[in-house]
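> Quick one: sequence plus predicted model below, questions after.
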Amino acid sequence: MEKQNKVSIWIGRFNDRASLENYVRETYDDNGEMISDFMNDFDINFYDEDLSEYDFIENDDLLQIKNFSYSNSFLHKVLEKTSNENGFKLLYDFEYSGKNTDSGKLKFIGIFDYSKV
């Protein structure tokens, strides 16, 4: 669901960057609808691809998440919920309201306020 200045965040542990990319990569079906394994697992019908980020953190250096857009406004809260995860998926201006919180690959950790300043 669209919601200004909110970011929904999922985290998980992946063997490599390609595994994360394959899981979150959007494609389009015959009807032109955007789909991905991530979207299917969390029952998300649509989000704006331009307001989406993901990354694989190399060498378990969690401070690399500071490279996400606007992370200075939510970084400390995400680090509190992170331990050994290396895969991150962020949806900006999106408030996830689904019931599935863990797909076995990514786990939904919450909705955070963010500031574009």
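Looks like it came in fine.
> In the sheet, which residues pair with Phe88? Tell me.
According to DSSP bridges, the partner residues bridging Phe88 are Ile11, Asp55.
> meant to ask about Ile111, not that
With DSSP bridges applied, Ile111 shows beta-bridge pairing to Ser8.
> So what's the residue count around it?
Here the count is done by other C-beta atoms under 10 Å, and Ile111 has 17 residues near it. For glycine as for every other residue, the C-beta is placed from the backbone atoms N, C-alpha and C.
> thinking it is in contact with Val7, fair?
Yes: using C-beta atoms under 8 Å, Ile111 is in contact with Val7, at 7.1 Å.
> Return the list of helices and strands in contact with the longest helix along the chain.
Taking residue count as the measure and DSSP state H as the definition, the longest helix of the chain comes out as helix 17-24. Under the contact criterion of 3 or more C-beta pairs under 8 Å, 6 or more residues apart in numbering; DSSP states H and E, helix 17-24 touches helix 37-41, strand 52-56, strand 87-94.
> most tightly surrounded among these?
The highest mean neighbour count among these, using mean count of other C-beta atoms under 10 Å, belongs to strand 87-94: a mean of 22.
> what about it, average pLDDT?
Along strand 87-94, the predicted local confidence has a mean pLDDT of 97.
> Check stretch 42-54 too.
In this model, stretch 42-54 has an average pLDDT of 95.
> Would you mark the buried spots in it?
42, 44, 47, 52-54 (16 or more other C-beta atoms under 10 Å).
> Nearest to Asn15 among the residues you listed?
Of all these, the one sitting nearest Asn15 is Tyr54; the distance, using C-beta to C-beta, is 15.4 Å.
> For the closest one, give me its contacts.
Taking C-beta atoms under 8 Å, 6 or more residues apart in numbering, we find Tyr54 in contact with 20-21, 24, 87-90.
> From Glu58, how far out is the residue nearest the centre of the chain?
Taking C-alpha atoms, centre = their mean as the criterion, Lys89 is the residue nearest the geometric centre of the chain, at 1.8 Å. Using C-beta to C-beta, to the nearest Å, one obtains 17 Å as the distance from Lys89 to Glu58.
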